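Colleague: build me a model from this:
(chains A and B)
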Amino acid sequence: DSGVTQTPKHLITATGQRVTLRCSPRSGDLSVYWYQQSLDQGLQFLIQYYNGEERAKGNILERFSAQQFPDLHSELNLSSLELGDSALYFCASSANPTGATYEQYFGPGTRLTVT
Amino acid sequence: GNSVTQMEGPVTLSEEAFLTINCTYTATGYPSLFWYVQYPGEGLQLLLKATKADDKGSNKGFEATYRKETTSFHLEKGSVQVSDSAVYFCAPEHTGGFKTIFGAGTRLFVKA
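Modeller: As a prediction, the model looks like this:
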């Protein structure tokens, strides 16, 4: 158990809809990262927050947005969903704002299926 | 910017065989280097790390040595087990910014 929690575990929705994925980092970690993992197993970095502020952006679509709240949990909002958005979405947390300088702890992921 | 290239999979081995998964990177300076492992149905977890040149990271029988001259961090294990079947990701520390970069992942299948 990494200490990072993600909800829901599974999500099935239709094209055009909007969903919200939630992540709670490990106790004491200020950095939260979001990743998308497609079926071909590639891991794409989406966005990072540190103590409530956006820190880095990866290949995140404009239809996607995220935020980190004062209690440090984070939400990833996906809107106008397309079939191609079906993937595993992982959240990770780290004690350090530059991320990979210290290891990242990954949650179990949310599997999103868009039909 | 930084980038990482790792060996394409899948890699299929018999139990007790020797494993090598190649990883090379480009980076500014000398970043820390990490290998993560993802077991079926789970998130990634840190397998091992090395923070400076010539350091050897090791865990669960896996090893990787930080080779500055060849900018490589190849993962090795002398005798794999069925339980090692997973996807392995190489990840250099990102220098000069905050974006995190992972290799494409290498899937390992170990047959009994």
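
Colleague: low-confidence bits of the chain, can you list those?
Modeller: Went with chain A since none was named. Along chain A, segments meeting pLDDT under 70 span A:97-102.

Colleague: not quite, I wanted chain B
Modeller: In chain B, residues with pLDDT under 70: B:1, B:94-100.

Colleague: now with 90?
Modeller: Residues of chain B meeting the criterion pLDDT under 90: B:1-4, B:7-9, B:26-33, B:41, B:51-52, B:91-104.

Colleague: quick check: the residue sitting furthest away from the middle of it vs chain A, distance?
Modeller: Ranked by distance from the centre of chain B (CA atoms, centre = their mean), the top residue is residue B:112, with 22.9 Å. Going from residue B:112 to chain A by CB to the nearest CB, to the nearest Å gives 23 Å. From N, CA and C alone the C-beta is placed, and that goes for glycine too.

Colleague: now do the contacts for that residue.
Modeller: Shown here is residue B:112, whose contacts under the criterion CB atoms under 8 Å, 6 or more residues apart in numbering or on different chains are B:15, B:82.

Colleague: which bits of chain A sit near chain B?
Modeller: A:2, A:4, A:33, A:41-43, A:45, A:48, A:55-58, A:90, A:92, A:97-101, A:103-109 (CB under 8 Å from any CB of the partner chain).

Colleague: can I get the buried ones among those residues as something I can paste into PyMOL?
Modeller: The PyMOL command for the buried members of these (criterion: 16 or more other CB atoms under 10 Å in any protein chain shown) is given here:
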select buried, chain A and resi 2+4+33+41+43+45+48+55+56+58+90+92+97+98+99+100+103+104+105+106+107+108+109
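
Colleague: what about the residues of chain A next to chain B, which are in strands?
Modeller: A:33, A:43, A:45, A:48, A:55, A:56, A:57, A:90, A:92, A:105, A:106 (DSSP state E).

Colleague: which of these sit farthest apart?
Modeller: Using CB to CB, those span at most 21.0 Å, a distance reached by A:57 and A:105.

Colleague: mind giving me the packing neighbours of the strand or helix carrying residue A:112?
Modeller: Residue A:112 belongs to strand A:110-114 when assigned by DSSP states H and E. Identification of packing neighbours for strand A:110-114 by 3 or more CB pairs under 8 Å, 6 or more residues apart in numbering or on different chains; DSSP states H and E yields strand A:10-13, strand A:19-24, strand A:87-94.
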